[in-house]
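Chemist: I'd like to go over a predicted model; first the sequence, then the structure.
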Amino acid sequence: MSAYNLGLVSVSFRKHTPEEIVKAVKSAGLTCIEWGSDVHAPCRDTERLHELARLQEEYGITCSSYGTYFRLGVTPLSELPDYIAAAKILGTNILRLWGGTKKGADMTPEELESFTDTCRRAAAMAEEAGVILCLECHMLSVTETPDCAVALMEAVRSPAFRMYWQPFQWLDTEGSLSVARAVAPYAEHIHVFNWHGSAKYPLADGAEDWKRYLTVFTTPRTLLLEFMPDDRIESLPAEAEALRRIIGG
């Protein structure tokens, strides 16, 4: 049995219902799901959250993480407990957050210090609640570049404040490997796709690149398929099979 945990990010299929997505995940042989807070799992809709938890139990799927659209430095920290409570209903201790609205290199020293203080306070709230907050290296966020991402991790220095990793589609393979090496010590989950610029391709076409990417991480991580090459839910089994081949499963 593979040491990797393989799953799907629900925002891959925003137009589909949670039950359709869970059925597709199960049928594709995946074991977990990251629910997005924007469509499928709004943080204050407790009835919907409990329904998702019921579906997970019915189909034998776990929740790997809660993919929120909480923006540190923008969304008031007073709202964070609502997202943490939602994650716990779903059965996960990992929440994906966004790091502001501009890259760290474009922030003034005062802005960066204020943002870092916000992150420290969020991390303290997460530690107390027993959850982990994770940022991605997204464009137009503080963690857009690996240098800024690592500097933030080191400045906050909390076991409850971590990262995700995913290849940056505007970089070549070597560039993405460089980012992976930088953030690997802080990475919890990995989002998996095969993009080049704005074009999406089957994961199988990028298998050799992905085999190289995964060698950077010293222990197996949860691998979450994010978006299909054609945006069709019917393509999930083929993408899941390509991922299993990549990890040798």
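Modeler: Received it, and whenever you're ready, just let me know what you need.

Chemist: Quick one: neighbours of the closest residue to G197 other than its chain neighbours, just the number.
Modeler: Leaving out its chain neighbours, the residue that sits closest to G197 by Cβ to Cβ, 6 or more residues apart in numbering is Q169, at 6.0 Å. All C-beta spots, glycine's among them, are computed from the backbone N, C-alpha and C. The tally of other residues near Q169 (other Cβ atoms under 10 Å) stands at 15.

Chemist: Let's verify Q169: helix, strand, or coil?
Modeler: Assigned by DSSP: H, G, I helix; E, B strand; the rest coil, the conformation of Q169 is coil.

Chemist: Who are the contact partners of it?
Modeler: Residues in contact with Q169, defined by Cβ atoms under 8 Å, 6 or more residues apart in numbering, are 195-198.

Chemist: if you set the cut-off to 10 Å instead, what comes out?
Modeler: Listed by Cβ atoms under 10 Å, 6 or more residues apart in numbering, the contact set of Q169 reads 139, 176, 193-200.

Chemist: from the residues you listed, which would you call buried?
Modeler: The neighbour count (16 or more other Cβ atoms under 10 Å) marks 176, 193-195, 200 as buried among the contacts of Q169.

Chemist: Show me which positions of the biggest strand by length in the chain end up buried.
Modeler: For the chain, the longest strand by residue count, based on DSSP state E, is strand 62-72. By neighbour count on 16+ other Cβ under 10 Å, the buried set for strand 62-72 is 63-68, 70, 72.

Chemist: closest to R244 among the residues you listed?
Modeler: Using Cβ to Cβ, S64 is the member of the buried residues of strand 62-72 that lies nearest R244, at 16.6 Å.

Chemist: For G197, see how far away that closest one is.
Modeler: Using Cβ to Cβ, to the nearest Å, one gets 28 Å for the distance from S64 to G197.

Chemist: can you check D231 too?
Modeler: From D231 across to G197, the span is 16 Å (Cβ to Cβ).

Chemist: And L236, by the same measure?
Modeler: From L236 to G197 the distance is 23 Å (Cβ to Cβ).

Chemist: all helices of the chain, in order?
Modeler: 18-27, 46-59, 80-90, 109-129, 146-156, 173-183, 207-215, 236-247 (DSSP state H).

Chemist: any chance of those in TSV, with distance to W98 and mean pLDDT too?
Modeler: Below are the helices of the chain laid out as TSV (distance: least, Cβ to Cβ, whole Å; pLDDT from 0 to 100):
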stretch	distance to W98	mean pLDDT
helix 18-27	22	98
helix 46-59	20	98
helix 80-90	12	98
helix 109-129	12	97
helix 146-156	13	96
helix 173-183	16	96
helix 207-215	23	97
helix 236-247	25	98
